[in-house]
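A.B. asks: Just to be clear, the model below is a prediction. Sequence and coordinates:
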Amino acid sequence: MIDTVRAAVDQVLALGARYGVDPFVFAAIYIGAIPFFILFSGLAVRRLRTKRPAALWIVAAGLCFVSAYLYLAVAGRGIPVWVWALLALLVGYGAWSAVRSAQRKLGNR
């Protein structure tokens, strides 16, 4: 079991080195952005409920949502096209899901 985990970690680290991305930095950004995404989304919903502009908080939440992928775009080298296509699908679905969740909180659906 330990050998399998060690082999998996070694493989991820090798992929990180191959593409110029530190998997630990990526994971830290990905996980670290979650509380800020929740905070900024909540602030946006609160402002929308009171009919005030929420663009700043929506943009901040969006940047948190894609921050790890921005790191990948800046630090990565030679990332395959299929990875970008998969990430585009995941980000698109996540954005759609976040919008639906906000609409439910606003009582629009």
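C.D. replies: Looks like it arrived, so ask away.

A.B. asks: quick one: low-confidence ranges for this structure?
C.D. replies: By pLDDT under 70, the weakly predicted segments of the chain are 108-109.

A.B. asks: What backbone torsions are found at residue 71?
C.D. replies: As for residue 71, its main-chain torsions (degrees, to the nearest 10) stand at phi -60, psi -40.

A.B. asks: show me what contacts it?
C.D. replies: With contacts defined as CB atoms under 8 Å, 6 or more residues apart in numbering, the neighbours of residue 71 are 21, 25-26, 29. In short, each C-beta sits where N, CA and C put it, glycine included.

A.B. asks: One more pass at 6 Å, please.
C.D. replies: When contacts are counted by CB atoms under 6 Å, 6 or more residues apart in numbering, residue 71 touches residue 29.

A.B. asks: Kindly report the same for residue 1.
C.D. replies: Taking CB under 6 Å, 6+ apart as the criterion, residue 1 is in contact with no other residue.

A.B. asks: could you measure it against residue 8, distance?
C.D. replies: Plainly put, residue 1 is 11 Å away from residue 8 if you go by CB to CB, to the nearest Å.

A.B. asks: What of residue 39?
C.D. replies: With the distance defined as CB to CB, residue 39 ends up 33 Å from residue 8.

A.B. asks: So if I had to pick from those two, which one is more boxed in?
C.D. replies: Between residue 39 and residue 8, counted using other CB atoms under 10 Å, residue 39 has the larger neighbour count: 14 against 10.

A.B. asks: For stretch 42-53, which residues meet the burial criterion?
C.D. replies: 43-45, 47-48 (16 or more other CB atoms under 10 Å).

A.B. asks: what separates that stretch from the chain centre, distance-wise?
C.D. replies: How far stretch 42-53 lies from its chain's middle: 22 Å, per CA atoms, centre = their mean, to the nearest Å.

A.B. asks: Check stretch 67-74 too.
C.D. replies: Computed by CA atoms, centre = their mean, the chain-centroid distance of stretch 67-74 equals 9 Å.

A.B. asks: do the same with stretch 24-44
C.D. replies: For stretch 24-44, the separation from the chain centroid amounts to 8 Å (computed by CA atoms, centre = their mean).

A.B. asks: Good, we can wrap up now.
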